[in-house]
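1. have a look at this prediction, sequence included:
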Amino acid sequence: MAELKKIATRDSYGNALAELGREHEDVIVFDADLSGATKTSVFKKAFPDRHFNCGIAEGNMLAVAAGAAAAGLVPFASTFAMFAAGRAFEQVRNSIGYPHLNVKIGATHGGISVGEDGASHQCCEDFATMRSIPGMVVLCPSDDVEARAAVKAAYEHKGPVYMRFGRLAVPVFHEEGMDFRIGKGEVLREGTDVAILATGLMSYEALKAAEALEEKGIDARVINLCTIKPLDEELVVRAAAECGRVITCEEHSVIGGLGEAVCALLSEKCPTPVHRIGVNDEFGHSGPAGALLEQFGLCAAHIAEVAEGFCK
């Protein structure tokens, strides 16, 4: 696979916010004293009067964002995933989810690839907690192009949206102008032997794994699922029915995330053998992002190894 430029999706988030700010005067941004890390500083530089630092008080920030949404504005509230989905869960549930307010949560630094920040900041539970809130849309884009498209789609969607962005620079494999729609997955590669369903940075790893599997005579279908909730049920069921085996890949705990969403769907509508690749009910630890992803099996080599054994 050709070498591709790499961009962290947190950078994509900051750039997309600035673009939205130029197009829509109702966009405002809240941050919890982390604008340099979440990249909302890009928006702040362009629109200082529409950017608000709420300090290290994430619950308060989400409550303030709820009030702004109730007043007719479109707030994007930003902090690390661990704080947005963890520390502020009660406010997200009761102040945003329950009244179904139009708040967009931009959560950066999700997953093991946070790296040296260690277990306390490597949030691998956010899909699970956010999926549990009725009416909450959950997005995890795979690269720069998809991330910017997801931010725009979140603005256009009426209701709460949770978006996870990464710290690690990842390959940009989408073409500009991609057709992004909330609730719709994307077939990146056709195949008939096994369907690999991936989200976030794991989508590119799945593509690399499929190339390696092709050399071994295994024809893998690769599907990118940026929208974890609502899941593209039609696409997932069709892939399971046509391929007969499914592998899910996510930089998240195997408990409560994409894998469980897929298993729940298929158990009801198309019983199919499924292997979940993710973080196996354990905490992460400090280390270089790339090394950690390999250690936890969140890489192309491990996906290919699982698929080869699965297809025997």
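-> That came in fine, so what should we check first?

2. in the chain, which helix is the longest?
-> helix 9-23 (DSSP state H).

3. could you export it as PDB, CA atoms only?
-> Listed next in PDB are the C-alpha coordinates belonging to helix 9-23 (Å, rounded to 0.1, in the frame of the first residue of the first chain):
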ATOM      1  CA  THR A   9      -8.100  13.600  13.500                       C
ATOM      2  CA  ARG A  10      -8.000  16.100  16.400                       C
ATOM      3  CA  ASP A  11      -6.400  18.500  13.900                       C
ATOM      4  CA  SER A  12      -9.100  17.800  11.500                       C
ATOM      5  CA  TYR A  13     -11.700  18.700  14.200                       C
ATOM      6  CA  GLY A  14     -10.100  22.100  14.800                       C
ATOM      7  CA  ASN A  15      -9.900  22.900  11.100                       C
ATOM      8  CA  ALA A  16     -13.500  21.800  10.500                       C
ATOM      9  CA  LEU A  17     -14.700  23.900  13.400                       C
ATOM     10  CA  ALA A  18     -13.100  27.000  11.900                       C
ATOM     11  CA  GLU A  19     -14.600  26.300   8.600                       C
ATOM     12  CA  LEU A  20     -18.000  25.800  10.200                       C
ATOM     13  CA  GLY A  21     -17.600  29.100  12.000                       C
ATOM     14  CA  ARG A  22     -17.100  31.000   8.800                       C
ATOM     15  CA  GLU A  23     -20.200  29.400   7.300                       C
END
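
4. what's that helix packed up against?
-> Judged by 3 or more C-beta pairs under 8 Å, 6 or more residues apart in numbering; DSSP states H and E, helix 9-23 is in contact with strand 27-31, helix 35-38, helix 41-46, strand 104-108, helix 144-156. Any C-beta I mention is one placed from the backbone N, CA and C, and that applies to glycine too.

5. export the ones you listed to CSV and tack on distance to residue 97?
-> Formatted as CSV, these follow (distance: least, C-beta to C-beta, whole Å):
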stretch, distance to residue 97
strand 27-31, 17
helix 35-38, 21
helix 41-46, 24
strand 104-108, 10
helix 144-156, 15
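
6. tell me which of these is the most buried.
-> Comparing the helices and strands packed on helix 9-23 by mean neighbour count (mean count of other C-beta atoms under 10 Å), strand 104-108 ranks first with a mean of 28.

7. quick one on the thing from earlier: buried ones in the longest helix of the chain?
-> 9-21 (16 or more other C-beta atoms under 10 Å).

8. and for stretch 54-63?
-> By 16+ other C-beta under 10 Å, the buried positions in stretch 54-63 come out as 54, 58, 59, 61, 62, 63.

9. how about stretch 62-78?
-> Buried-residue list, stretch 62-78, by 16+ other C-beta under 10 Å: 62-66, 68-69, 73-78.

10. export that stretch as PDB, just CAs?
-> Extracted C-alpha coordinates of stretch 62-78, given in PDB (Å, rounded to 0.1, in the frame of the first residue of the first chain):
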ATOM      1  CA  LEU A  62     -21.500  20.400  29.200                       C
ATOM      2  CA  ALA A  63     -24.300  22.000  31.300                       C
ATOM      3  CA  VAL A  64     -23.400  25.400  29.800                       C
ATOM      4  CA  ALA A  65     -23.400  23.900  26.300                       C
ATOM      5  CA  ALA A  66     -26.900  22.500  27.000                       C
ATOM      6  CA  GLY A  67     -28.100  26.000  27.900                       C
ATOM      7  CA  ALA A  68     -26.600  27.500  24.700                       C
ATOM      8  CA  ALA A  69     -28.400  24.800  22.700                       C
ATOM      9  CA  ALA A  70     -31.700  25.600  24.500                       C
ATOM     10  CA  ALA A  71     -31.200  29.200  23.400                       C
ATOM     11  CA  GLY A  72     -30.900  28.200  19.700                       C
ATOM     12  CA  LEU A  73     -27.200  28.100  19.200                       C
ATOM     13  CA  VAL A  74     -25.100  25.100  18.000                       C
ATOM     14  CA  PRO A  75     -22.500  24.500  20.700                       C
ATOM     15  CA  PHE A  76     -19.500  22.200  20.200                       C
ATOM     16  CA  ALA A  77     -18.100  21.200  23.600                       C
ATOM     17  CA  SER A  78     -14.600  19.900  23.600                       C
END
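
11. quick one, what contacts residue 167?
-> 8, 10, 37, 108, 109, 113, 114, 115, 289 (C-beta atoms under 8 Å, 6 or more residues apart in numbering).
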